[in-house]
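>>> pasting the structure only:
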C-alpha cells in the first residue's frame with residue numbers, strides 16, 4: 001500500500017464523506033479497507049469546528065489513532081472562493097476556525113477551493129484574493145498549519161504565478177490531477193513541475209474533458225497518465241497522501257476500493 005522512494009513514503013487515503021456513512025462508521029470502514037489515512041470534511045455535520053469542543057477533538061484523535069489511521073488533511077471548502085464578496089468576512093472567520101481545528105487534530109493542512117485566479121493581476125477579483133489570502137496565510141503560518149488551494153479552475157502556471165506573488169508560507173497546494181484534465185484539458189505531469197514548490201497534499205481522482213463540460217470516471221479510466229504522474233510526484237520528493245476522491249457513481253465504496261488497488265499497482 002505504500003511506496004518506498006529513497007527513504008520517503010507516499011500514502012493512500014480517502015475523502016471520508018465519499019464513503020457515505022456516519023463519521024465513526026466511515027472511519028471504521030476506511031480502516032477495514034486498509035487505508036493509510038482519511039481526509040475529514042469539516043464544513044458541516046459533527047466535525048464542524050463550531051460544534052467540536054476540546055474533549056470531542058481529543059476523542060477523535062484517539063479514535064482515529066486506535067484504528068491505525070492518520071488524518072491526511074481537513075477539507076474546509078465553504079462553497080465560495082475568496083474572490084466572491086458574499087459573506088466573505090464570515091467565511092474568513094470560519095476558515096481560521098478550521099485552521100485552528102487542523103492544529104488541534106494534528107493535521108496541519110486544510111484544503112479548499114480559493115476561487116478562480118484571474119490571469120490579469122489587475123483584476124478586482126485577483127486583488128481581493130491576494131488581500132484575503134495574505135491575511136489567512138499569515139494566520140495559518142503563525143499557528144504552524146497551512147491552507148492548500150486545490151488545482152483545477154485555472155492553469156498551473158496562473159496559480160503558480162499567484163502563489164509566487166503572494167509569497168506566504170501558510171498557503172500551499174492540494175494537487176488534483178483530474179481537475180486539471182477535466183477543467184483545463186491540461187497535462188497534470190507538467191502541472192506537478194510548475195507547482196512543485198507548493199504541493200503538500202493530493203487528491204486521487206480521474207476524469208475526462210468533454211466538448212461541453214467534463215466527466216469524473218474511476219481511476220485509470222480517464223485522462224490522468226498515472227504512471228507518469230506518480231513518477232513526477234516521486235521526482236519532486238512528495239511524501240504525502242494520495243487521498244482518493246470519488247464524488248459520483250452508483251457504488252462509491254466499491255469504486256474507492258478499486259482506486260486503492262489501482263494506486264497500489266502504480267506506486
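Yep, that arrived. What you see is a predicted model; the values in this text were computed from it and never measured.

>>> And stretch 19-31, what's buried?
Within stretch 19-31, the residues that count as buried by 16 or more other C-beta atoms under 10 Å are 19, 23, 26-30. Just so you know, the C-beta spots here come from the backbone N, C-alpha and C atoms, and that holds for glycine as well.

>>> Strands of the stretch 1-150 of the chain, start to end?
Using DSSP state E, counting those that start in this stretch, the strands of the stretch 1-150 of the chain run over 3-5, 8-15, 37-41, 70-75, 110-112, 147-150.

>>> Check those for me: which has the lowest mean pLDDT.
In terms of average pLDDT, strand 3-5 trails the rest of the strands of the stretch 1-150 of the chain, at a mean of 33.

>>> ranges for the helices of the chain?
Applying DSSP state H to the chain gives helices spanning 23-32, 54-66, 88-104, 124-142, 156-166, 177-179, 188-194, 226-235, 252-266.

>>> for the closest residue to residue 63 other than its chain neighbours, what are its contacts?
With sequence-adjacent residues excluded and distances taken as C-beta to C-beta, 6 or more residues apart in numbering, residue 63 is closest to residue 27, at 6.7 Å. Applying C-beta atoms under 8 Å, 6 or more residues apart in numbering, we find residue 27 in contact with 16, 38, 63-64, 67, 69.

>>> re earlier: export the buried residues of stretch 19-31 to TSV and tack on distance to residue 77 and pLDDT?
Shown next, in TSV, are the buried residues of stretch 19-31 (distance: C-beta to C-beta, whole Å; pLDDT from 0 to 100):
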residue	distance to residue 77	pLDDT
19	18	93
23	17	97
26	18	97
27	20	98
28	25	97
29	22	96
30	20	97
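
>>> Closest one to residue 49 out of these, please.
residue 23 (14.1 Å; C-beta to C-beta).

>>> quick one on the thing from earlier: and the residue nearest to residue 63, how far from residue 181?
Going from residue 27 to residue 181 by C-beta to C-beta, to the nearest Å gives 30 Å.

>>> before we move on, what about residue 252?
Counting by C-beta to C-beta, the gap from residue 252 to residue 181 is 20 Å.

>>> which residues touch residue 245?
14-15, 18, 176, 203-205.

>>> Alright, that wraps it up for me.
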